[in-house]
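Asks: quick one, what's the 3D model for this:
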Amino acid sequence: MRGENLTSWSFFFLEGFSRYPKLEIALFVFSLIIYLITLLANSTLILVTVLDSRLQTPMYFFLRNLSFMDICYTSASSPTLLVNLLSSRKTILSSGCAVQMYLSLAMGSTECVLLAVMAYDRYVAICNPLRYPIVMNRQVCVHMAIVSWVTGCLTALLETSFALQIPLCGNLINHFTCEILAVLKLACASSLLMDMIMLVVSVLLLPIPMLLICISYVFILSATLRISSAEGRNKAFSTCGAHLTVVILYYGAALSMYLKPSSLNSQEIDKIISLLYGVLAPMLNPVIYSLRNKEVKDAMKILLGKISLKQTHERL
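Replies: Residues are numbered from 1 along each chain as shown. The predicted structure follows:
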């Protein structure tokens, strides 16, 4: 078959989990519940941190960005996954495939940078608490968030634009979404330029931010152990514990996807990993931050109390 680039195909077949038809209904129910919880949990976290005056700090500003990013990230792939799990003809238009690929890459890349920024925020808060309001002022936080978004969106644009030019010798994608690695497996021949771009971007957005996060936490741990009071140490650990849990969850899955040796027999494992960190992780992030953060739990209780009181007044 003559090779055509991605934009030359009018549509693509997404194989997804069609090899396991008996599991598709269960996966649909599971994915739908997780998607709805993700939207609700992240939206609630954004609303709570916006409305509560005590949560107008840099940490919660970055957390709002993370929650909004998780909504965008899971919305890029979950609707297609849900439709295809119930459909016998699992297709996606080439334009939709390109948009899905870009959004997934952009949100995933932005989250890599943002998690490193959040680690730096915790480093300044714990290691230089007196200078924290000056170092992490609103203008600096906005600039850091903008850099995270711009870096993620530009690197995704670079990867997607080159991927669209690669000649493809088929339109059956062995995945449940237009994930770039799955699409590139359809290439008629390997592209050294595309391989180099993927390698450089992967190194810039995975090991380097991860190294910065590790360095930040070495200083944080050292400073925390020097705190004399047990209450002070517990507060420091609690504010960092949620972020560190999210980092391990996200980077563990991402590193296993993009920096492992390629293998023809690894596609099914890749799909499971993608399902976990593409659908499950965005739901867990707000849950982790809420369960481990007393300020967020208190703010949610106040908000729920106000809603309940308002409903009571309306009934009366």
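Asks: and the nearest residue to residue 168 once chain neighbours are set aside, what does it touch?
Replies: Once flanking residues are discounted, residue 168 sits nearest to residue 186: 4.3 Å by C-beta to C-beta, 6 or more residues apart in numbering. Every C-beta, even on glycine, is put in place using the N, C-alpha and C of the backbone. Residues near residue 186 by C-beta atoms under 8 Å, 6 or more residues apart in numbering: 168-173.
Asks: residue 93: which of those is nearest?
Replies: Residue 93 lies nearest to residue 171 out of these, by C-beta to C-beta, at 11.1 Å.
Asks: and that closest one, backbone torsions?
Replies: Backbone torsions of residue 171, given as degrees, to the nearest 10, read phi -130, psi 30.
Asks: any idea how far residue 12 lies from residue 250?
Replies: Between residue 12 and residue 250 the computed distance is 27 Å (C-beta to C-beta, to the nearest Å).
Asks: mind checking which of these two has more residues around it?
Replies: Neighbour count, other C-beta atoms under 10 Å: between residue 12 and residue 250, residue 12 has more, with 23 against 20.
Asks: one step back: among the contacts of residue 186, which lie within strands?
Replies: If you go by DSSP state E, those have 172-173 in strands.
Asks: buried residues in the helix of greatest length in the chain, which are they?
Replies: Secondary structure assigned by DSSP state H gives helix 94-127 as the longest helix of the chain. For helix 94-127, a neighbour-count test (16 or more other C-beta atoms under 10 Å) marks 94, 97-98, 100-127 as buried.
Asks: again with stretch 166-181
Replies: Of all the residues in stretch 166-181, those buried under the rule 16+ other C-beta under 10 Å are 166, 168, 170-171, 173-181.
Asks: how about the residues you listed in JSON lines, adding distance to residue 17 and pLDDT?
Replies: Supplementary listing: the buried residues of stretch 166-181 in JSON lines, determined by distance: C-beta to C-beta, whole Å; pLDDT from 0 to 100:
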{"residue": "166", "distance to residue 17": "26", "pLDDT": "86"}
{"residue": "168", "distance to residue 17": "22", "pLDDT": "84"}
{"residue": "170", "distance to residue 17": "19", "pLDDT": "82"}
{"residue": "171", "distance to residue 17": "19", "pLDDT": "84"}
{"residue": "173", "distance to residue 17": "13", "pLDDT": "86"}
{"residue": "174", "distance to residue 17": "11", "pLDDT": "84"}
{"residue": "175", "distance to residue 17": "10", "pLDDT": "83"}
{"residue": "176", "distance to residue 17": "6", "pLDDT": "83"}
{"residue": "177", "distance to residue 17": "12", "pLDDT": "84"}
{"residue": "178", "distance to residue 17": "16", "pLDDT": "87"}
{"residue": "179", "distance to residue 17": "14", "pLDDT": "85"}
{"residue": "180", "distance to residue 17": "19", "pLDDT": "87"}
{"residue": "181", "distance to residue 17": "17", "pLDDT": "84"}
